[in-house]
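**Q** This is a predicted model, with the sequence first.
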Amino acid sequence: MMSWIFRINLVAALFSAPAFPAAIGSMKTFCRPLLPSSSTRLNQEEQLQFHEGKLKQMSVEVEEHRKCPPSPSPKSREWEEYRIKEHYLIYEKSRYETYINLLQAKMRAETDDLEKIEASVMSGIEEGRGGREGYLRKTQSSPSISQHSLNGRASGRTAPDQRS
């Protein structure tokens, strides 16, 4: 399973094109960006630089977002929107960290052979270089905008951002 996850993340890191801007509507609610259906035109080094830029951007957005929490009523619609956006930003930050670490590992391995890249990453994890957290981190699935899934009604579970 770890091999499967590693390979999917590496391919996504290599070929993911930038997301399109989120749709703009008359409502002031958070909307996730639209994902493109084509692959990137950037080479490996440019893709790494792009991901590093996006990581910095996501880090800034998380900090700015946390500086402006809504009114004190935690059951308000504003709080729900705030939690949805925060969950999305944290997920994206984690995703870009993973992509950066995997691309750096691929560049260090100096090969396109997935077996060798994976062996290099896995041996680094076992030896403690970078640790498991740096390359393959356990995370929740992509954040959903659905109110039902965030409240745990759709799946019978509580949302990750609502646990204490």
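**A** Cool, got the structure. Since the structure is predicted, the reported quantities are computational estimates derived from the model, not experimental observations.

**Q** can you list the weak-confidence ranges in the protein?
**A** Using pLDDT under 70 as the threshold, the predicted model of the chain has low-confidence ranges 25-27, 74, 124-164.

**Q** Name the single longest helix found in the chain.
**A** Residue-count comparison of every helix in the chain, with assignments taken from DSSP state H, identifies helix 77-109 as the longest.

**Q** Next secondary structure after it?
**A** Along the chain past helix 77-109, the next helix or strand (assigned with DSSP states H and E) turns out to be helix 114-127.

**Q** Next, the angle from that next one to helix 77-109.
**A** Taking axes from the mean of the first three to the mean of the last three C-alpha atoms, to 10 degrees, helix 114-127 and helix 77-109 form an angle of 110 degrees between their directions.

**Q** tell me which residues in the longest helix of the chain are buried?
**A** Along helix 77-109, these residues count as buried under the neighbour rule (16 or more other C-beta atoms under 10 Å): 80-93, 95-106, 109. The C-beta positions use only the backbone N, C-alpha and C, and glycine is treated the same way.

**Q** and that helix, how far from the chain's centre?
**A** With C-alpha atoms, centre = their mean, to the nearest Å as the basis, helix 77-109 stands 3 Å off its chain's centre.

**Q** again, but for stretch 28-43
**A** Taking the mean C-alpha point of stretch 28-43 and that of its whole chain, the gap between them comes to 13 Å (C-alpha atoms, centre = their mean).

**Q** next one: stretch 5-16
**A** A distance of 12 Å separates the centroid of the chain from that of stretch 5-16, by C-alpha atoms, centre = their mean.

**Q** residues making contact with it?
**A** Contacts of stretch 5-16 with the rest of the structure, by C-beta atoms under 8 Å, 6 or more residues apart in numbering, involve 39-40, 44, 47, 51, 98-100, 102-103, 106, 114, 117-118, 121-122, 135-136.

**Q** in that stretch, what's buried?
**A** Counting neighbours by 16+ other C-beta under 10 Å, the buried set in stretch 5-16 is F6, N9, L10, A13, L14, S16.

**Q** helix or strand for the fourth one, which one?
**A** Using DSSP H and E, A13 sits in helix 2-15.

**Q** C-alpha coordinates for that helix, PDB please?
**A** Only the C-alpha atoms of helix 2-15 are listed here, as PDB (Å, rounded to 0.1, in the frame of the first residue of the first chain):
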ATOM      1  CA  MET A   2       2.800   2.400   0.800                       C
ATOM      2  CA  SER A   3       4.400   1.700  -2.600                       C
ATOM      3  CA  TRP A   4       1.100   2.500  -4.300                       C
ATOM      4  CA  ILE A   5       0.700   5.800  -2.300                       C
ATOM      5  CA  PHE A   6       4.300   6.800  -3.000                       C
ATOM      6  CA  ARG A   7       3.900   6.300  -6.700                       C
ATOM      7  CA  ILE A   8       0.600   8.100  -7.000                       C
ATOM      8  CA  ASN A   9       2.000  11.100  -5.000                       C
ATOM      9  CA  LEU A  10       5.200  11.200  -7.100                       C
ATOM     10  CA  VAL A  11       3.300  11.200 -10.400                       C
ATOM     11  CA  ALA A  12       0.900  13.800  -9.000                       C
ATOM     12  CA  ALA A  13       3.900  15.900  -7.900                       C
ATOM     13  CA  LEU A  14       5.500  15.600 -11.400                       C
ATOM     14  CA  PHE A  15       2.500  16.200 -13.600                       C
END
